[in-house]
Structure formats: C-alpha cells, structure tokens
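[1] Pasted the sequence and its predicted model underneath.
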Amino acid sequence: MSARRLFPLLLLLPLALAGCAHAPARNPLAIWMPSPNVSARRAQLIVLHATESPSLASALDALRDRHAAAPVSAHYLIAEDGTRYQLAPDAVRAWHAGAGQWGDIEDVNSASLGIELDHRGDAPYPPAQIASLVVLLRDLTTRLGIDPRQVIGHADLAPARKSDPGPTFPWSELAAAGFGRWPCEPLPPLPPAGFDPWLALRLIGYPLDDRAATARAFHEHYRGDRADTLDARDAAILYDLQLQLLGPADAAPPDDKAHP
C-alpha cells in the first residue's frame, strides 16, 4: 500500500480506537437491549486509615504492590504536608477495609471510599494534613452524594483487628467542619432508666461481636484513649448520639437490628 493511501487510515485509527474505548461493556452471549432504569454504584461510607508506615514512599509502594502476599489499596493517600495522591478511581472497589461491618454493611469495600493518612498513629496529626483531608471530604461528599456524617475510622468497622486512625486523630475538629458524628456539648442529662449503651452502639453502626474491642474503638474515636469498658460519660455520649439519630428522647433503637 502506498504511503499516500496509508496516511488517511493512520489518521482514522486513533478515532476508531477511541470509539472502542468508550463503548459500553456488553456480553456477546446476549442481545443488547439497554434499560434506562440504572445508576452507577455509589459509596455510602468514607473510611479513614493511618498508614502506620515508616515513610510516605513505603506507604505508596505498599498500596500499589500487586505482588504482595495480601495486596491492599485505597482511593486516596494524604501526606503529612497535605499533598493528596489518588490511587484508584472513585467508582472502583479498592481493597482497604478488609473484614468488618458497619451497621448492615458487611462488604465494606464495596460500599465505601478509603482514605489513607501518612501517619504512624501515635502522635498528633499535622494541621496541613487535616486541612487537606477536609478539602477532600468536602469534594467527595458533595460530588458523590455521600452523607457527610458517614465518615468513620478503620477501627470503628473492625474493632477487633484495627486501631487506626488511632486515639490522636482529631475527630472533634473534623466534626466541626461538618464530617462524622460527634456529641453536642454540654451533654444531655443522664440517660433515662433502661437506656442500653450497647444498643446505642449497634444503632450507630458498631459491630458487637467483641464488646471489649468495640468499647476500645469507641473510646479511640470519642474519648481519645483505649479503655475497653464503658462508663457514665460514655453512656451520656451514646445517649446524645442516639438522640441525634432517632430524634425524640423517648425513641428506642429498633429491636430487629440492635442485638448482636
């Protein structure tokens, strides 16, 4: 074929390839009869992690290592200086949560976005990192329609396995920016007789398979320590969070989902 005849074909080749790249995925075993009654899968949660890695470079390597014995990933990683890295598209299922549960969600990876924070988890988080996280959360919750209250820690969904982002994470600061759940101050009067803090924990979303681990995760999130038993202040916090979820003071958690 002459160069003169070949040149127009070369011009058309990128257009043909582009058309293939954007064609909808269709099963050749069936006749394509598209329905308009569909929507993209949408994340319901945002899970925050601490990398607990010795360096940013090692964290990035671990989150992108396809040959690891147990490959892991996340959608985003935020460096201590606030630099944001995207490791996976928002629409895909990243491998960040592992085994765990939040409320009725058992496959958390399929229903969440994962954000890793480059941090050891044992010291205060840098202000630049938290400010960058707030910017990202504002974007994700607005653009993807995620309830801004549905921002949790890895330890919240897997209390028996995980402790990140740890007791030094500033959840109250995040709540002041409009993300996550946080009790109102001053706390309400003592809960009424019969109030069960464990049912309130289950209502919020915590799994109750290991109650000591759940209490510890709750303390890391709301008290900044790792105590594994509940006290009177915990009950007051949980009563306030229950009121935020249910409204009237006489509301009670639903029986069908409250028990472990």
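    Great, that's in hand. Residues are numbered from 1 along each chain as shown.
[2] Name all residues that make contact with the spatially most central residue of the chain.
    When CA atoms, centre = their mean is applied to the chain, the residue found nearest the centroid is residue 47 (1.8 Å). Listed by CB atoms under 8 Å, 6 or more residues apart in numbering, the contact set of residue 47 reads 96-97, 108, 112-115, 152-154, 157. For the C-beta atoms, the positions are set from N, CA and C on the backbone; glycine is no exception.
[3] Need the three-state assignment for it.
    Classification of residue 47 by DSSP: H, G, I helix; E, B strand; the rest coil places it in strand.
[4] What about residue 32, how many residues nearby?
    When neighbours are defined as other CB atoms under 10 Å, residue 32 has 8 of them.
[5] What sits closest to it if chain neighbours are left out?
    Excluding the flanking residues, the one nearest residue 32 by CB to CB, 6 or more residues apart in numbering is residue 26, at 5.0 Å.
[6] And for residue 225?
    Spatial nearest neighbour of residue 225, chain neighbours left out: residue 219 (5.2 Å); criterion: CB to CB, 6+ apart.
[7] Quick check: that neighbour touching residue 231?
    No - counting by CB atoms under 8 Å, residue 219 does not reach residue 231; the two are 9.6 Å apart.
[8] More neighbours: the two, which one.
    Applying other CB under 10 Å to residue 219 and residue 231 shows that residue 219 carries more neighbours, namely 20 against 13.
[9] That one looks like it's in a helix, true?
    Yes - under three-state DSSP, residue 219 falls within a helix.
[10] ok, residue 152 - contacts?
    45-48, 102, 180, 205.
[11] can you tell me how far it sits from residue 221?
    Distance, residue 152 to residue 221, by CB to CB, to the nearest Å: 8 Å.
[12] Check residue 163 too.
    Residue 163 is 11 Å from residue 221, where distance means CB to CB.
[13] what does residue 146 give?
    For residue 146, the distance to residue 221 equals 19 Å [CB to CB].
[14] Looking at these two, which is more packed in?
    Taking other CB under 10 Å, residue 146 and residue 221 do not tie; residue 221 has more neighbours (23 against 20).
[15] so what's that one up against?
    153, 155-156, 171.
[16] if you set the cut-off to 7 Å instead, what comes out?
    Taking CB atoms under 7 Å, 6 or more residues apart in numbering, we find residue 221 in contact with 153, 156, 171.
[17] out of those, which are inside strands?
    residue 153 (DSSP state E).
[18] who wins for neighbours among the contacts of residue 221?
    Counting by other CB under 10 Å, top hit in the contacts of residue 221: residue 156 with 25 neighbours.
[19] That one contacts residue 206, correct?
    Yes - contact criterion CB atoms under 7 Å: residue 156 and residue 206 qualify, at 6.5 Å.
[20] Kindly state the domain boundaries assigned to this structure.
    45-176, 197-258 (automatic domain parsing).
[21] Would you mind putting these into a markdown table with mean pLDDT and distance to residue 184 alongside?
    Shown next, in a markdown table, are the domains of the chain (pLDDT from 0 to 100; distance: least, CB to CB, whole Å):
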| stretch | mean pLDDT | distance to residue 184 |
| --- | --- | --- |
| domain 45-176 | 96 | 10 |
| domain 197-258 | 88 | 6 |
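[22] I'd like those domains as TSV, with distance to residue 39 appended.
    As requested, the domains of the chain are exported to TSV (distance: least, CB to CB, whole Å):
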stretch	distance to residue 39
domain 45-176	11
domain 197-258	24
